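Student: Here is a sequence with its predicted model. Questions after.
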Amino acid sequence: DVKVTQSSRYLVKRTGEKVFLECVQDMDHENMFWYRQDPGLGLRLIYFSYDVKMKEKGDIPEGYSVSREKKERFSLILESASTNQTSMYLCASTKPLGAEAFFGQGTRLTVV
Amino acid sequence: SQKIEQNSEALNIQEGKTATLTCNYTNYSPAYLQWYRQDPGRGPVFLLLIRENEKEKRKERLKVTFDTTLKQSLFHITASQPADSATYLCALESAGNMLTFGGGTRLMVKP
């Protein structure tokens, strides 16, 4: 059974903390994505990686960075968490070009 | 700017009827268009993919059309059931592999 696994289901952090969200896939997929989902706004792309150490900014990269040191792992970093980063974060992976995306279960992050 | 638009209002239909959801886009040249289903508190699940040179794709009770001239895709669920109630998302994949989603449309099928 193919899997995309996010490290935490629920997370509560304080304003100003550095936050790491981890995502691991076991399908040898080249592409990995981080999205955030807020009511009424759908899934918004934060960052995309198409290979190890390669990344591209999505629609809303401000306040975030990413790391992809190994093919199976894609990390989202909030350098200094703020309350407006409270959201559901979803990781996904795909093979290149015309392949379905597999999503993790999501991490609901609350910044207080 | 690039936009993917889905009807943000919920679609309410009676069981047994055909549900039709719309996805419109601007300033994209997608190589592929995909549809996903999302249940509350869960990640989206893939349903169908259609290529830019395909007009229509079917899978069981699902049908997707793709009109690159109108820049529109229609997603149909025939003989709808209460279990089809969910949010449905369209996603565009450009040649650069980036997968971008619309805001989704919530479908409610009433018994």
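Tutor: In hand now; what should we look at? As the structure is a prediction and not an experimental result, all values here were calculated from the model.

Student: Which secondary structure element is home to the residue most central in space within chain A?
Tutor: Nearest residue to the geometric centre of chain A (Cα atoms, centre = their mean): residue A:34, 2.9 Å. Using DSSP states H and E, residue A:34 sits in strand A:31-38.

Student: rewinding a little: and the residue nearest to the centre of chain A, how close does it get to chain B?
Tutor: According to Cβ to the nearest Cβ, to the nearest Å, residue A:34 stands 11 Å off from chain B. In this view, the C-beta of every residue, glycine as well, is placed from N, C-alpha and C.

Student: my guess is that residue contacts residue A:93, does it?
Tutor: No - judged on Cβ atoms under 8 Å, residue A:34 makes no contact with residue A:93 at a distance of 10.7 Å.

Student: and for those two, which residues touch both?
Tutor: Counting by Cβ atoms under 8 Å, 6 or more residues apart in numbering or on different chains, the contacts common to residue A:34 and residue A:93 are A:23, A:74.

Student: where along chain B do the strands fall?
Tutor: Applying DSSP state E to chain B gives strands spanning B:3-6, B:11-14, B:19-26, B:32-38, B:45-51, B:56-59, B:62-67, B:72-77, B:86-93, B:99-101, B:105-110.

Student: Same list (the ones you listed) but as a markdown table, adding mean neighbour count, distance to chain A and mean pLDDT.
Tutor: Converted to a markdown table, the strands of chain B look like this (neighbours: other Cβ atoms under 10 Å in any protein chain shown; distance: least, Cβ to the nearest Cβ, whole Å; pLDDT from 0 to 100):
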| stretch | mean neighbour count | distance to chain A | mean pLDDT |
| --- | --- | --- | --- |
| strand B:3-6 | 18 | 8 | 92 |
| strand B:11-14 | 14 | 16 | 96 |
| strand B:19-26 | 18 | 11 | 96 |
| strand B:32-38 | 23 | 5 | 96 |
| strand B:45-51 | 18 | 4 | 95 |
| strand B:56-59 | 13 | 12 | 96 |
| strand B:62-67 | 18 | 13 | 96 |
| strand B:72-77 | 20 | 15 | 97 |
| strand B:86-93 | 24 | 7 | 95 |
| strand B:99-101 | 24 | 4 | 91 |
| strand B:105-110 | 18 | 10 | 96 |
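
Student: Fine, thanks again, bye for now.
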